[in-house]
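Q: 3D, please:
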Amino acid sequence: MDRPLRAEPELRMISARTLCLQYVCAIDTAGRCADVIRRYATKPDKTALASNPDLQLNWAKFLEQFDAGASSATVAGDGASTEPKQPSSVDESWSAARGAATLTNKATGSSRSSSAPSSAPSSAPSSASYKARKAEEVVQLQRTLGPKPRTLVGFKSHPDYVLDCTGHLKASEVINPGARPLGLFKGYAIYRRTDTATVLSRKQWRLGMKEVLADQVDSPACVQSRSDGRGKERGQAAESFEVPLYGAWQTKDIVVLPVQDGVIPTNTYGNIEVWDYQEALVPAGARMISGKEYNLAAARQACQDMGLQYVDAVVGFDRSGGATRATVGGLVVLAEHAEVIQDAASNVSERKREKAALKKSQVNVARWELLVKHALTRLALRERYGH
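A: Prediction:
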């Protein structure tokens with residue numbers, strides 16, 4: 001009774017046609033009957049009961065009649081309960097239920113019934129029933145997951161099981177805290193595949209409008225080594241660096257503070273983190289002037305000339321030269337000043353372009369003057385000296 005998985009022989013010793021268990025029920029001391037076929041059958045979904053709706057109907061009626069007989073003997077008067085039934089009463093209920101289910105089946109012609117069976121009287125859960133229910137859940141879990149692999153290769157990429165070791169978990173995967181191992185295999189703990197969790201960097205979490213808790217910044221779930229391949233384009237060796245990764249249990253939803261009293265909120269570094277130009281990270285009441293559309297130097301110059309507030313928007317980090325530097329990809333200004341600053345920035349950019357074009361023209365004129373002067377000097381020398 002304590003080892004339901006051994007109620008049937010090993011599948012490798014029998015064929016599918018010789019699965020012996022078809023009906024299994026359990027009876028408690030109060031005479032109530034419950035279907036436990038899924039606990040004791042090796043393949044409950046392949047039994048005759050699971051594939052035949054008529055048999056399922058008859059079996060449900062049988063259990064209903066059995067519970068009805070047990071409840072009539074247990075409940076008396078206005079609800080006053082008597083002592084639990086003796087085994088002889090259980091036997092009588094069994095016989096009565098079999099006869100009632102057979103008569104009902106003949107009367108209905110084994111047709112499917114749409115009415116739900118009456119529920120059995122409920123009783124307060126006891127410690128024994130709780131333990132039995134937890135044991136049932138464990139057995140059901142083992143049946144749902146299926147047999148465990150017998151080799152390390154079999155565990156790798158298995159849909160139900162995973163080993164807590166290198167090569168079986170992805171670089172961005174960890175075991176959920178509090179997950180209970182199902183056992184050991186060659187010294188490695190076995191977990192359910194659903195017990196794994198994906199871990200991301202702080203930037204990746206912010207892209208999903210999540211931020212790492214302040215008390216978890218120094219306690220990442222794992223640390224991943226990465227390399228910057230941009231150095232290879234310049235003929236340099238690839239630089240490696242470590243990136244801390246965090247799980248969902250270490251994060252919280254980002255709360256973007258709005259503009260208050262005309263002041264744009266900033267972080268401890270005096271800027272605003274707007275990763276990959278995400279407009280959702282811009283405070284309410286402010287707008288971002290993107291460096292993809294406007295010249296940031298011209299926008300800063302316009303803000304300074306007009307005395308308007310602006311804050312640098314950090315869109316990422318640049319790792320080059322052995323150092324990590326914040327990349328400023330825009331300016332965050334008050335929403336009512338955005339259009340004015342954009343127009344002013346366009347005017348400043350236009351003036352800079354005109355000034356650059358004028359300077360270039362002056363340089364070209366000076367070069368032509370020098371070239372003509374040298375040519376005239378050469379002609380004069382040739383006429384005078386005949387060379």
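
Q: domain-wise, how is this structure divided?
A: 4-115+125-143, 148-198, 202-251, 256-387 (automatic domain parsing).

Q: ends of the second one, how far apart?
A: This means domain 148-198. Using C-alpha to C-alpha, to the nearest Å, one end of domain 148-198 lies 23 Å from the other.

Q: same question for that domain, mean pLDDT?
A: Here domain 148-198 scores 86 as its mean pLDDT.

Q: so how far is Asp164 from Thr194?
A: Going from Thr194 to Asp164 by C-beta to C-beta, to the nearest Å gives 14 Å. Heads up, the C-betas are built off the backbone N, CA and C, glycines and all.

Q: compare those two (neighbour count), which wins?
A: Taking other C-beta atoms under 10 Å, Thr194 and Asp164 do not tie; Asp164 has more neighbours (16 against 11).

Q: ok, the more buried one - contacts?
A: Contacts for Asp164 (C-beta atoms under 8 Å, 6 or more residues apart in numbering) come out as 175, 181, 188-189, 191.

Q: could you work out the most separated pair of those?
A: Spanning the widest gap among those are Ile175 and Tyr188, at 11.4 Å by C-beta to C-beta.

Q: rank the domains of the chain by mean pLDDT and give me the bottom one.
A: domain 4-115+125-143 (a mean of 57).

Q: what ranges does the stretch 201-350 of the chain have for its helices?
A: Remark: helices assigned in the stretch 201-350 of the chain by DSSP state H, counting those that start in this stretch are 202-207, 230-233, 296-306, 338-385.

Q: tell me the buried residues in the third one?
A: Along helix 296-306, these residues count as buried under the neighbour rule (16 or more other C-beta atoms under 10 Å): 296, 298-303.

Q: correct me if wrong: Asp305 contacts Ala345.
A: No: using C-beta atoms under 8 Å, Asp305 makes no contact with Ala345, being 10.4 Å away.

Q: could you pull out the buried residues of stretch 205-223?
A: For stretch 205-223, the neighbour count (16+ other C-beta under 10 Å) marks 205-206, 210-212, 216, 220-221 as buried.

Q: can you list contacts of it?
A: 174, 197, 199-200, 202, 242-248, 250-254, 273, 275-276, 278, 280-281.

Q: only alpha carbons, please: show that stretch as CSV.
A: Presented in CSV, the C-alpha positions along stretch 205-223 are these (Å, rounded to 0.1, in the frame of the first residue of the first chain):
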residue,chain,number,x,y,z
TRP,A,205,15.6,43.8,-16.6
ARG,A,206,15.1,47.5,-17.1
LEU,A,207,14.2,46.9,-20.7
GLY,A,208,11.3,44.9,-19.2
MET,A,209,10.4,47.7,-16.8
LYS,A,210,12.0,45.9,-13.9
GLU,A,211,14.8,47.0,-11.6
VAL,A,212,17.0,45.1,-9.1
LEU,A,213,16.3,45.6,-5.5
ALA,A,214,18.8,47.7,-3.7
ASP,A,215,19.7,45.1,-1.2
GLN,A,216,20.2,42.5,-3.9
VAL,A,217,22.6,44.4,-6.1
ASP,A,218,25.7,42.9,-4.3
SER,A,219,24.1,39.4,-4.3
PRO,A,220,23.5,38.3,-7.9
ALA,A,221,22.1,34.9,-8.7
CYS,A,222,25.2,34.2,-10.8
VAL,A,223,28.0,36.1,-12.6
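
Q: list the contacts for Ala280?
A: Neighbouring residues of Ala280 by C-beta under 8 Å, 6+ apart: 209, 256.

Q: next: the one 5 residues further on.
A: Counting by C-beta under 8 Å, 6+ apart, Gly285 makes contact with 258-259, 334-335.

Q: who wins on neighbours among those residues?
A: That'd be Leu334 among the contacts of Gly285, by other C-beta under 10 Å, with 19 neighbours.

Q: and that residue, what are its bridge partners?
A: Leu334 has these beta-bridge partners by DSSP bridges: Ala286.

Q: returning to what we had before: farthest pair in the buried residues of stretch 205-223?
A: Using C-beta to C-beta, those span at most 16.5 Å, a distance reached by Arg206 and Ala221.

Q: thinking again about what came up before, return the member of the contacts of Gly285 nearest to Leu379.
A: Comparing those against Leu379 with C-beta to C-beta places Leu334 closest, at 65.5 Å.

Q: from memory the closest one sits against Gln260, does it?
A: No: under the criterion of C-beta under 8 Å, Leu334 makes no contact with Gln260, lying 11.6 Å away.

Q: state the distance from Gln278 to Leu207.
A: For Gln278 relative to Leu207 (C-beta to C-beta), the value is 7 Å.

Q: stretch 261-277: end-to-end distance?
A: This stretch, stretch 261-277, spans 25 Å end to end (C-alpha to C-alpha).

Q: now stretch 159-179
A: By C-alpha to C-alpha, the extent of stretch 159-179 from end to end equals 17 Å.

Q: kindly report the same for stretch 285-296.
A: 21 Å.

Q: A helix includes Gly31, no?
A: No: assigned with DSSP: H, G, I helix; E, B strand; the rest coil, Gly31 falls outside any helix and is coil.

Q: thinking again about what came up before, among the contacts of stretch 205-223, the buried ones, what's the ChimeraX command?
A: Those of those that count as buried under 16+ other C-beta under 10 Å are selected in ChimeraX with:
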select :174,197,199,200,202,244,245,246,247,250,251,273,275,281
